[in-house]
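[1] just the structure for this:
(2 chains)
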Amino acid sequence: MIQKKICMLGSFGVGKTSLVARFVQGIFSAKYLSTVGVKIDRKSVKLGDKDVLLLLWDLAGEDSRSQVQTSYLRGAAGYFLVVDGTWMESLVTAKSIHKRAQEAVGEVPFMLVVNKSDLWNRWEITSPDLEKLEAEGWMIQITSAKTGDGVEKMFARMTEEVMRCEGQAAEAAGEP
Amino acid sequence: MGSTPADLKPDSEYEPSRDELAELRALLLGQQLVELGALRNRLDDPNLRAEELSQVLARAVALSSKRDRALQRSFYPIVEQALKISITKNPGILATSLAPIIGESVRKAVADAFRDAAQTVNIALENSLSWQSVQWRIESWRTGKSFGEIVLLRSQRYKVWQVFLIHRETGLSLQHVEAPGGGVSEAELVSSMLTAIQDFARDVAERTISTSARLKDSEDLEGIKLGKFWIWVHHGPQMLLAATIVGTPPTGLGNVLAKENELIHREFAEALAVFSGDTSAFDAARPHLEKCLLGSAARPRESSPWWIAALAVVLLVFAAAGFIIHRRNNRWSGYLERLRAEPGIVVTSSDRYWWSYSLAGLRDPLASDPLRLAGDFGIDPARIQAHFEPYLSLDERLVRERAFDSEKEALQKLMVLFPVNSSVLQADQATRLDAIEEHLNRLQEAARELGREVHLNIYGRADQTGAETKNATLSKERAERVFDALRERGVAPETLTAIGLGNSDPIRQGSAAYQLEVNRSVSLKVEQHRGGRQ
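    Residues are numbered from 1 along each chain as shown, chains lettered A, B, ... in the order given. All right, here's what the predicted structure looks like:
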């Protein structure tokens, strides 16, 4: 069984926990988020003939008073930067988190998840904003935790990317 | 620029001036000559070569080690030699460099050894006296395992339910085992969460503890306790071994976790180096984890069966003592009741001690023996200290008894005297016969009232003078005379027996006249039978 640790990062209230809840059936209560700052769920994803078990570390959201605890990022194979499409500030926060996350785990796959697509008419984040980031090499996925749009896809794409990077790393190291 | 025109071979046919040739050469080869010179210079000059090599050496080594291990193999003896030389020359340098690492390891090893020793002493003390420890010692002797190992395996004070092998960096569960009956199917989540809690605890600690007392890298969350539930964690450099335990785990268990974790690190070093989420390589670690599933039942310490048995014995002893005391009391009070009902006995005081009794009171001489009655109640008469003052009871039966006794006594004192060599009743003896008749009548009446029958033996005697055969006849005749006289007075002859004693049983010994006179007589003896038996 292949296991991968994936982190969910982003501001408070952007819908990280809701996205995970859409995707998994966990055993731990969401209370952990407010107590130790992390809640972990798992979900098995099928990729070709391989089963990959994602361990999703849902980290407590970041605001002006508290920052994401980067020690929870250690050993992550990839991470999601979740933002709220109706709230521009959340994108700014995501960028700063991304910088710190890179410092903590190095160059691992990451994906910008723009949530709340069901409220698209109230979006503050515009297409040019996203196009600019895409041009910089960011993977972007638009989702709605409410309707479930794009949720399965965001995890599938992440799994694929993580496995692809692993393959490249193995090749570089001269592995068969 | 080492080449000059003078170095070139001269032309045989045309010998141009040296200057011309040099000029031509410079025209034709020009720049190349300069470069060729520089190149030769580079190859010849060791300083220059060294400088150039230094610029590419690091890259070359990196490329080579990426390709294969040939370079490492080539370097190995050199490095070894170099180390040897360094140590011979100045051991201080290496010692200073290694001190922080070795010091830490040695301190840890010494501390562990002390803890082990203390644990062994504790185990020995805790288990030195129980029956179970004897069984364990036998098992230890039989299996060749140490006593401590057997205690860890068999102890009923704790049980390890699950063991998790966790990748330290990612928190991923590499392997996990569980004891039959216990179970967490979400081993991956538990492992991750445990790592998160460890990170969380560390974070909190680092924010709490002042900078001067910062946590060391080697200091980690070693356990979580929740009532009787524990999670113990051993931190290896790359993997954690965590155990969930119910009960009171002995510290020796920590050593088992440490030992197994170290073995797993050694065996799976290569798998760890290339680990990227595929846990199948760690399936072979299961036996190590299973060795940590120790303890036999998580049972809170309760009073051992030995104590229950002891308590039962004490209760039984009390019950038996109670029964004995109760029975003794019953016997004693039954005996006292019997005594009080007994005619001619008055109990004025009675006491009961642990091993003896005391009785005091009044007793008619005719009453039954109180100590003999004790036997009827299972009481040993020797244990009774009795003191009875004599008295005369007015109890009806005793009054009759007394009357019977006095009539009997009176009758047996009476005597009928005869003259020398005669068996004829003398007239003066008539009053004696009257008295006999009177007492005999009263005796028989008393006997009837007491339910007895009396029989009168009439003994005739002769004095010691005269022939023995004559005396025998004479004594018999004297007895028969009294027999006849009583029969004539109305006494039933079947209650009388006449016996001649001759002079064989004289009333008085001696040959004085008064002694001989008494022996020429008839005396009486009352035989009594109860209930009409002969």
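
[2] tell me the contacts of whichever residue of the stretch 101-250 of chain B sits closest to chain A?
    Using Cβ to the nearest Cβ, the closest approach of the stretch 101-250 of chain B to chain A is made by residue B:170 at 3.2 Å. (Each C-beta comes from the backbone N, C-alpha and C, glycine too.) Residue B:170 makes contact with A:3, A:5, A:74-77, B:195, B:277 under the criterion Cβ atoms under 8 Å, 6 or more residues apart in numbering or on different chains.

[3] in strands, which of those residues appear?
    Mapping the contacts of residue B:170 onto strands (DSSP state E) picks out A:3, A:5.

[4] need the contacts of residue B:170 in CSV with neighbour count, distance to residue B:380 and pLDDT, can you?
    Below are the contacts of residue B:170 laid out as CSV (neighbours: other Cβ atoms under 10 Å in any protein chain shown; distance: Cβ to Cβ, whole Å; pLDDT from 0 to 100):
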residue, neighbour count, distance to residue B:380, pLDDT
A:3, 25, 88, 92
A:5, 30, 90, 93
A:74, 16, 91, 88
A:75, 19, 90, 90
A:76, 25, 94, 93
A:77, 27, 95, 93
B:195, 31, 83, 84
B:277, 20, 92, 86
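
[5] just the ones of the contacts of residue B:170 in helices?
    Judged by DSSP state H, helices contain the following of the contacts of residue B:170: residue B:195.

[6] turn the contacts of residue B:170 into TSV, columns for distance to residue B:245.
    Listed next are these as TSV, based on distance: Cβ to Cβ, whole Å:
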residue	distance to residue B:245
A:3	25
A:5	26
A:74	27
A:75	26
A:76	30
A:77	31
B:195	19
B:277	29
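
[7] you'd agree the residue of the stretch 101-250 of chain B closest to chain A is in a helix?
    No - Residue B:170 is assigned coil when assessed by DSSP: H, G, I helix; E, B strand; the rest coil, not a helix.

[8] against residue A:74, how distant is it?
    Taking Cβ to Cβ, to the nearest Å as the measure, residue B:170 falls 8 Å from residue A:74.

[9] element containing residue B:360?
    Assigned by DSSP states H and E, residue B:360 falls within strand B:357-363.

[10] just to revisit the earlier point, of the contacts of residue B:170, which is the nearest to residue B:367?
    The nearest member of the contacts of residue B:170 to residue B:367, counting by Cβ to Cβ, is residue B:195 at 100.1 Å.

[11] quick check: chain neighbours aside, which residue is closest to the closest one?
    residue B:171 (3.1 Å; Cβ to Cβ, 6 or more residues apart in numbering or on different chains).

[12] so what's residue B:172 up against?
    Residues near residue B:172 by Cβ under 8 Å, 6+ apart: A:3, A:5, A:55, A:75, B:166, B:188, B:191-192, B:277, B:279.

[13] hmm, try it at 10 Å
    Residue B:172 sits next to A:1-5, A:53, A:55, A:75, A:77, B:165-166, B:188, B:191-192, B:195, B:275, B:277-279 when contact means Cβ atoms under 10 Å, 6 or more residues apart in numbering or on different chains.

[14] and the pLDDT at the residue of the stretch 101-250 of chain B closest to chain A?
    Among the per-residue scores, residue B:170 holds a pLDDT of 87.

[15] can you show me the helices along chain A?
    For chain A, the helices defined by DSSP H cover A:16-23, A:31-35, A:88-105, A:127-135, A:151-172.

[16] ignoring the adjacent residues along the chain, who's closest to residue B:281?
    On the basis of Cβ to Cβ, 6+ apart, the spatially nearest residue to residue B:281 that is not a chain neighbour turns out to be residue B:271, at 4.0 Å.

[17] assign the one you found to helix, strand or coil.
    Here residue B:271 is helix, with the state taken from three-state DSSP.

[18] wait, it touches residue B:282, no?
    Yes - Residue B:271 is within contact range of residue B:282, at 6.6 Å (criterion: Cβ atoms under 10 Å).

[19] show me which of these two is the more surrounded one.
    Set residue B:271 next to residue B:282 and count neighbours by other Cβ atoms under 10 Å in any protein chain shown: residue B:282 wins out with 23 against 17.

[20] distance-wise, check that one relative to residue B:164.
    Applying Cβ to Cβ, the value for residue B:282 to residue B:164 is 11 Å.

[21] where do the contact lists of the two overlap?
    Common contacts of residue B:282 and residue B:164 (Cβ under 10 Å, 6+ apart): B:173-176, B:239, B:289.

[22] give me the common contacts of residue B:271 and residue B:282.
    B:174, B:264.

[23] contact partners for the closest residue to residue A:40 other than its chain neighbours?
    Among residues not flanking residue A:40 along the chain, residue B:192 sits closest, at 4.4 Å (Cβ to Cβ, 6+ apart). Contact analysis of residue B:192 by Cβ under 10 Å, 6+ apart lists A:3, A:5, A:28, A:38, A:40-42, A:55-57, A:75, B:166, B:170-173, B:186.

[24] hmm, try it at 6 Å
    Residues near residue B:192 by Cβ atoms under 6 Å, 6 or more residues apart in numbering or on different chains: A:40, A:55, B:171.

[25] quick one: stretch A:103-119 near chain B?
    No - applying Cβ under 6 Å from any Cβ of the partner chain, one finds stretch A:103-119 separated from chain B by no less than 10.1 Å.

[26] kindly report the same for stretch A:48-63.
    Yes - applying Cβ under 6 Å from any Cβ, one finds stretch A:48-63 touching chain B at residue A:55.

[27] that stretch: which residues count as buried?
    A:52-62 (16 or more other Cβ atoms under 10 Å in any protein chain shown).

[28] can you tell me which helix or strand of chain A has the lowest average pLDDT?
    helix A:31-35 (a mean of 62; mean pLDDT, DSSP states H and E).

[29] what bridges to the residue lying closest to residue A:93 once chain neighbours are set aside?
    Leaving out its chain neighbours, the residue that sits closest to residue A:93 by Cβ to Cβ, 6+ apart is residue A:11, at 4.6 Å. Beta bridges link residue A:11 to residue A:62 when assigned by DSSP bridges.

[30] correct me if wrong: residue A:11 contacts residue A:91.
    No - Residue A:11 is not in contact with residue A:91 according to Cβ atoms under 6 Å; the separation is 9.1 Å.

[31] now the closest residue to chain B within chain A, what are its backbone angles?
    For chain A, the nearest residue to chain B under the criterion Cβ to the nearest Cβ is residue A:75, separated by 3.2 Å. Phi and psi for residue A:75, reported as degrees, to the nearest 10, are phi 80, psi 10.

[32] now it: how far from residue B:197?
    Applying Cβ to Cβ, the value for residue A:75 to residue B:197 is 15 Å.

[33] cool, residue A:85 as well?
    Distance from residue A:85 to residue B:197, by Cβ to Cβ: 34 Å.

[34] and the two? which has more neighbours close in?
    Legend: neighbour count by other Cβ under 10 Å for residue A:85 and residue B:197, higher for residue A:85 (25 against 18).

[35] right, and the more buried one touches residue A:118 too?
    No - counting by Cβ under 6 Å, residue A:118 is not a contact partner of residue A:85; they are 9.5 Å apart.
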